[in-house]
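can't give you the sequence, but here's the structure:
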């Protein structure tokens with residue numbers, strides 16, 4: 001246990017849902033022998049360990065139980081069943097307002113929170129300036145926090161959380177409230193904590209941050225732990241759940257697979273019988289992540305340079321095309337064609353789709369084939385990237401994946417001059433001597 005910072009052992013959280021308030025009263029007074037409530041498990045038999053020094057993310061759709069498990073770990077809620085063991089001092093930033101007295105000033109809440117964690121006044125005095133510098137909210141620290149904007153509130157709350165020398169930092173979605181500059185400051189602090197060997201557990205819908213900062217990811221859905229593992233793999237599973245019309249029934253990886261069309265039924269197979277097809281010119285990813293309902297199927301795709309050649313190497317600064325050919329197995333209204341570029345470590349860089357580009361397709365009939373062509377300039381820096389393509393659409397307001405090919409192939413950008421970051425702004429520079 002010495003190497004384990006957090007142990008969650010078969011934790012469940014049950015809520016009783018009553019149709020009418022009077023039913024709750026009847027049951028509490030013993031007036032009814034019938035069960036007047038429905039059982040709702042916000043969490044059901046969730047178990048995982050977080051090792052010391054790990055950064056672990058928790059992802060899932062709304063209602064998955066992410067915030068509930070954090071509240072149980074931090075002691076805000078008690079589990080109905082199971083237990084949580086903590087080995088180290090925790091600092092938590094949960095939803096706005098947690099742990100703050102709205103009538104107190106910012107300064108008074110700093111001392112309140114520090115005292116609750118176990119620090120003496122002298123210890124808080126020593127950390128106060130660091131907290132105020134990090135929060136950077138000026139004279140508002142002397143005003144009641146009920147007058148704060150949500151951004152000011154989260155700045156102070158996070159400044160307190162990270163400056164009291166926690167061994168374990170737990171953060172909910174609260175960072176999404178702060179402005180982009182403050183978020184950047186917080187993530188730099190994450191990096192600093194990781195280098196110091198501290199433990200971080202956080203919930204986020206920012207999948208790029210999940211892939212960038214996490215060593216491991218836990219995937220929840222409707223209170224059930226679906227899987228845990230390497231960030232990119234868990235993010236791909238999460239995306240499958242998000243576009244699945246039966247997502248509420250998904251309780252395991254096997255359930256996800258049942259909702260997908262078996263790869264053996266795909267015709268033609270993606271990696272076979274490619275003669276005469278565009279994709280025969282490329283080295284495809286043998287571990288491609290392919291899924292979808294297959295009412296529409298991507299039967300071919302290509303990258304075309306500005307001379308019209310099929311290629312997987314594009315010189316930076318030139319125009320090129322991404323094409324995808326889709327066969328429709330049934331009538332579909334307003335399908336959406338997409339593409340995305342990722343880094344090799346799984347970070348989404350750029351992409352677009354026909355909906356973003358305001359290109360309405362209309363109704364496509366069964367048996368028809370459509371070719372979507374995206375033409376653009378290659379402004380990415382020199383290097384290797386992964387291409388994903390898909391055909392999706394909305395059915396009764398819900399996004400549905402007809403066919404997705406994640407990381408289908410690698411593309412190389414050839415460059416004689418690179419700048420910082422992922423893409424080049426092609427700056428024109430002039431330096432004038434004025435003295």
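That came in fine, so what should we check first? Keep in mind that this is a model prediction, so the values were computed, not measured. Residues are numbered from 1 along each chain as shown.

drop to CA atoms for contacts and neighbour counts, all remaining ones
Noted.

shaky segments in the stretch 1-150 of the chain?
Residue ranges of the stretch 1-150 of the chain with pLDDT under 70: 1-2, 23, 26, 29-33, 95-99.

where exactly do the helices run in it?
21-29, 66-73, 106-117, 121-135, 150-162 (DSSP state H, counting those that start in this stretch).

Of all these, which one comes closest to residue 51?
helix 66-73 (14.5 Å; CA to CA).

circling back to that earlier point, closest to residue 40 out of the helices of the stretch 1-150 of the chain?
helix 66-73 (13.0 Å).

And the contacts of the closest one?
Residues from elsewhere that reach helix 66-73 (CA atoms under 8 Å, 6 or more residues apart in numbering): 8, 42-43, 58-60, 77-79, 84, 86, 94, 170, 172, 203, 220.

Can you tell me which of these is nearest residue 360?
residue 60 (30.7 Å).

who does the closest residue to the closest one other than its chain neighbours bridge with?
Sequence neighbours aside, residue 220 is the residue nearest to residue 60 in space, at 5.0 Å (criterion: CA to CA, 6 or more residues apart in numbering). Following DSSP bridges, residue 220 is listed with bridge partners residue 225.

pLDDT score assigned to residue 220?
At residue 220, the model reports a pLDDT of 94.

Using a markdown table, lay out the helices of the stretch 1-150 of the chain together with distance to residue 195 and mean neighbour count.
Converted to a markdown table, the helices of the stretch 1-150 of the chain look like this (distance: least, CA to CA, whole Å; neighbours: other CA atoms under 10 Å):
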| stretch | distance to residue 195 | mean neighbour count |
| --- | --- | --- |
| helix 21-29 | 50 | 12 |
| helix 66-73 | 23 | 22 |
| helix 106-117 | 24 | 19 |
| helix 121-135 | 19 | 16 |
| helix 150-162 | 14 | 23 |
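
Would you convert these into JSON lines that also reports distance to residue 408?
Shown next, in JSON lines, are the helices of the stretch 1-150 of the chain (distance: least, CA to CA, whole Å):
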{"stretch": "helix 21-29", "distance to residue 408": "54"}
{"stretch": "helix 66-73", "distance to residue 408": "31"}
{"stretch": "helix 106-117", "distance to residue 408": "49"}
{"stretch": "helix 121-135", "distance to residue 408": "43"}
{"stretch": "helix 150-162", "distance to residue 408": "40"}
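
so which of the ones you listed gets nearest residue 432?
helix 121-135 (38.3 Å).

What is that closest one packed up against?
helix 106-117, helix 150-162 (3 or more CA pairs under 8 Å, 6 or more residues apart in numbering; DSSP states H and E).

Run through who's touching the shortest one.
Where contact means CA under 8 Å, 6+ apart, the residues beyond helix 106-117 that reach it are 91, 99-101, 120-121, 124, 128, 140-145, 156, 160, 164.

Let's test this: mean pLDDT of the longest strand along the chain, rounded?
Ordering each strand of the chain by length in residues (DSSP state E) puts strand 398-414 first. Averaging pLDDT along strand 398-414 gives 93.

Tell me which other helices or strands it touches.
Using 3+ CA pairs under 8 Å, 6+ apart: strand 398-414 touches strand 289-291, strand 296-305, strand 313-315, strand 383-395.
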